[in-house]
Every structure is written in C-alpha cells, then in structure tokens.
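Participant: predicted structure and sequence below. I'll ask about it afterward.
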Amino acid sequence: MKVLKFGGSSVAKPERIKGVVDILKAYYSRGDRFTVVFSAFGGVTDALIEMSTLAAKGDETYTKILADFCQRHVAAATELLKGDLLNQVIPELENNNEVLKNLLYGIFLVREASPRTLDYVLSFGERSSAFIIAFALKQAGIDASYLDARKVIKTDSSFGSAKVDFELSYEKIKEYYVQNPEIQIVTGFVGSTKGGLTTTLGRGGSDYTAALLAAGLNAQSIEIWTDVDGMMTADPRLSSNARIIPHISYHEAMELSHFGAKVIYPPTIQPVMSKNIPVWIKNTFAPSDHGTIISSTPNREQGAPGNIVSGISSINNIVLITLEGSGMIGIPGFSRRLFEALSQEKINVILITQSSSEHSISVAIEGAMAVKARQAVDHAFANEITLQKVEPLKVEEGLSIVALVGENMRNHTGISGRMFSAMGRNGINIRAIAQGSSE
Ligand code: ADP
Ligand code: ASP
Ligand code: MG
C-alpha cells in the first residue's frame, strides 16, 4: 500500500486536477494498491478563514467570498464530470454550500467565530475537493470511493491544531480499509473528536493526514505531491540558487520543516519515522523527475551538494522573549515555570537559549503570540517581579530565525564560523544562537 497526497496548488484548477487524474490512472493500471489524500483547492482554506473573519466582524462582504467558493466548486465539478456522475455530485455540493451559508450567517449574527466553529467551516474546503476528485477518478475508470477523514482520524478538542489519538486512529484506519477495499480518496487536514465534533490538524495538516494513514496501514511509502521538485537546500521563493536534495534523513527533514521549510508540515515525519516508512516529495508538474526521498538511511553519495550542510531554512515574524534577573541564578524551577506559563497559553516554543550564568533565558515564539506571552509570563512571575528578583518580560519583535541543518556538520570544523561571517558581512545582527547536540 502506498499513500499519496496532493496539495492545494496541485488541484487549484480543473486542468491541474486532470493532470493528477492521469498520474493516478498510471498507478491504477500498474495494479498498485494506494490511497490518496487531497488538500482543499489552492487558496480555499485562506478564503474560508477570511469569510469567517469578516462575518464575525459583521462585514457583509463575506457573502461575496462565499459565493466565489460555491461557484468555484460547482464549476470544477461541471468541467470535470459528465452525465450520471455529475448529477450525483451537484446536489451534494449544493447541499454542502447551503450548510456553509447557514453556518456563516450564524457567525454573522452572533459576531463570533470560535475555534470550534472555525474548524467546522474550514472542513468544507477538503470535503468539497476530495469529494469532486473522487468522482473525477471514478469517471476515469478507477474504483475510487470518497472517505471523510473525520471517520478515522480521532483527535482531542484543541480546535485549530488538534492532537491526534494515534492508537484509536490507527485502529479505525485499519478497520475501515479492511472493510472498504476500493481506492479511498481522503480529505486531508480534518479529524474529529470522540464525540464527533470536527477538528483540524493545523495549517498544512494534509501532509500529516497522509502520514497517519501510512502509519495506520503500515504502508510501503508515502508520496507528497506538490508544486516544487522536492525538498530544496533553501526556500526556492527566497533563493534563486536553491537546489534539490535527492536524499535526506528524517531528522534533517524534520529540522528544516520545523524552521520554516513549508514543503512538509513538521508533525508529518514522526509517525512515518517510527515505522521506517520512506517519504517521497514529488512535483505534480514534473512527475517523472526524481524528487526527494526522506528515510532513515539517506544515500550521502548522492546527497546534498557538499554533503555537509543539507539545507537552510528560515522563519520571519519571530519574537524573542527574555526572562532575566539576578534572582534566577542557581535556583531551580525558573525555566519550568516559564515553559509552563507558555504551554498553558498554547504558545509554541520554536527555539530556546540560556546564558551560561543562568542570568537569562530567551525563547523564540511566533510574532502573533507576543502579547499573550507577556501577560502569561509576567503573571507567573508577578511575585518575583515585585521583589525585583526578575525583570518584566523583555519582548523583541520583528526578528527572523535562520537554521543551518546537516547531520554531517558535526564532523567538520568551521561551518558555524562561515555562517556567522556571511551574516556579519551582510550587516545582519545575531540576537541569539541555539545548536542542537545532534547538529
Ligand atoms: P502544498 O500546497 O502542495 O501543500 P505548500 O505550499 O504547503 O504546498 O509547500 C510547497 C512550498 O514550500 C513550495 O512552493 C515552496 O515555495 C515552499 N518551500 C519552502 N521551503 C522549501 C524547501 N526547503 N524546499 C522546497 N520547498 C520549500
Ligand atoms: N488546506 C489546509 C491548509 O491550507 C491543509 C493543507 O493544505 O495541508 O492549511
Ligand atoms: Mg502544504
């Protein structure tokens, strides 16, 4: 069994969907067993967020974006499908569109889109795309069947970025696939709680859906089909000399994605790594190109250029928060309390660094979380701040993180020196450094 996943840009337009259908027809005629995960059509998740935000503000222009959403899906179905199949799909889409319309009107009336409601709204993107594409595949002679992932991906109720119950999900996945041997066409990104409420797995989460299915089915491999040639040495939008990495290890891929390589959603690696399932990244627009293979034993001979640094990634709009004060020195528990305060507010820690004197600890977080972080940490240390043992949280905005990743770096000297001098020559001030012992 192989698990394939096609991202939003691969299915942004009906012509592109036709290209995907051709790729899958080739798999089908070879007799391969596979299942396919689809994202929402390109731009649709952003549009659903925008309509909800406008509706919650009482701005009626949300209806315009909603009308575009409805029209886009009906038009795609009409272009891709004929006869009976089209007649089966249209009423279902219209029904969905009606539910979405009512939901948004509800948000408009109460002027509120809670994370729970928003997840339900967002699910319409993947549910519409996978549904239409399942029928396009049937029309192409593939024994395809639509699977709403809410049936098999079980999560907690942290709406917006729900945590997966692996055991329960794997059990449901196995059971479903045994009972339904057709080629399952699955909605990415969505899951549900035990009580049946709709959740989402975080932006970019369709990659994760594919990994969960692969782990649940003990798949032979997973293929992430996207709009670039594979995982590259840098973000191709930022660096014109980015090169494709033919082979990379799970750890390196995880590190690059954690620090901003959007081509793969960071949580994706863990479930497949634990079962040693290789991950291919392939270009939908150049299907015969090699792509990247992520595995536990990357072939270094053909690895990244130079074989020392595998890649560089970066994230913008970072905030560095620093807790400092003489009262912290030698007293255990300060960092625990700092991280507890952040985790209670669900603030994701991207990077940590501590001065060797224990006088200060700095943590990089997403820019949007700055206000919450300041409130939470100042509240947690209110006593110490009053006693002047600790200073109020220092917040520095408008920073970026640059990560240099390569498992081979530990065997070479001078790599960090070269990185720092390149930064210095270009007038870039370094505010904090962190190095994993794995390098
Ligand atoms: P999809 O819609 O297929 O999920 P994404 O937009 O989520 O696609 O991810 C693919 C994009 O990731 C590419 O278009 C590219 O701009 C960006 N990207 C950032 N860093 C890298 C990298 N190191 N290698 C490849 N792509 C990268
Ligand atoms: N459609 C979702 C998003 O845009 C999930 C995905 O594309 O992976 O974040
Ligand atoms: Mg993606």
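Facilitator: Perfect, thanks for sending it. Numbers count the residues shown, from 1 in each chain. Ligands and ions are numbered 1, 2, ... in the order given.

Participant: got a pLDDT number for whichever residue of the chain sits closest to ligand 3?
Facilitator: Of all residues in the chain, residue 204 sits closest to ligand 3, at 4.2 Å by CB to the ion. All C-beta atoms are positioned from the backbone trio N, CA, C, and that covers glycine. At residue 204, the pLDDT value in this model is 97.

Participant: sec struct for it, please.
Facilitator: What DSSP: H, G, I helix; E, B strand; the rest coil gives for residue 204 is coil.

Participant: who in the protein is up against ligand 2?
Facilitator: 7-8, 39-40, 45, 125, 188-189, 203-207 (CB under 6 Å from any ligand atom).

Participant: so which of those reach ligand 1?
Facilitator: Answer for the residues of the chain next to ligand 2 near ligand 1 (CB under 6 Å from any ligand atom): 7-8, 39, 204.

Participant: let me have the residues you listed in a markdown table, extended by distance to residue 418.
Facilitator: Output for these, formatted as a markdown table (distance: CB to CB, whole Å):
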| residue | distance to residue 418 |
| --- | --- |
| 7 | 34 |
| 8 | 37 |
| 39 | 38 |
| 204 | 31 |
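
Participant: and which of the residues of the chain next to ligand 2 is nearest ligand 1?
Facilitator: residue 7 (1.9 Å; CB to the nearest ligand atom).

Participant: tell me the first helix or strand C-terminal of the host helix or strand of residue 272.
Facilitator: Per DSSP states H and E, residue 272 falls inside helix 269-273. Next along the chain after helix 269-273, taking DSSP H and E as the criterion, comes strand 279-283.

Participant: does ligand 1 sit close to that following strand?
Facilitator: No - contact of strand 279-283 with ligand 1 (CB under 6 Å from any ligand atom) is absent, the minimum separation being 7.6 Å.

Participant: do that strand and ligand 3 meet?
Facilitator: No - residues of strand 279-283 are not located near ligand 3 by CB under 5 Å from the ion, the shortest gap being 10.6 Å.

Participant: and the helix or strand hosting residue 419, what's its mean pLDDT?
Facilitator: In the assignment (DSSP H and E), residue 419 maps to helix 415-425. Averaging pLDDT along helix 415-425 gives 92.

Participant: other SSEs contacting that helix?
Facilitator: Secondary-structure packing of helix 415-425 (3 or more CB pairs under 8 Å, 6 or more residues apart in numbering; DSSP states H and E): strand 394-405.

Participant: direction included, what does the strand it packs on pair against?
Facilitator: strand 311-324 (antiparallel) (DSSP bridges).

Participant: quick one, what contacts the residue minimising distance to the centre of the chain?
Facilitator: With distances taken as CA atoms, centre = their mean, the residue of the chain nearest its centroid is residue 204 (2.8 Å). Shown in contact with residue 204 (CB atoms under 8 Å, 6 or more residues apart in numbering): 262, 265.

Participant: going forward, the N-terminal residue is numbered 672.
Facilitator: All set: I'll call the first residue 672, so the last point we hit is now residue 875.

Participant: which parts of the stretch 672-821 of the chain are strands?
Facilitator: 673-677, 705-709, 815-818 (DSSP state E, counting those that start in this stretch).

Participant: skipping adjacent residues, who's closest to residue 1052 in space?
Facilitator: residue 1061 (5.0 Å; CB to CB, 6 or more residues apart in numbering).

Participant: and residue 759, by the same measure?
Facilitator: In space, residue 759 is closest to residue 806, 7.0 Å off (CB to CB, 6+ apart).

Participant: next up, the contacts around that neighbour.
Facilitator: Listed by CB under 8 Å, 6+ apart, the contact partners of residue 806 are 748, 751-752, 756, 759-760, 815, 817.
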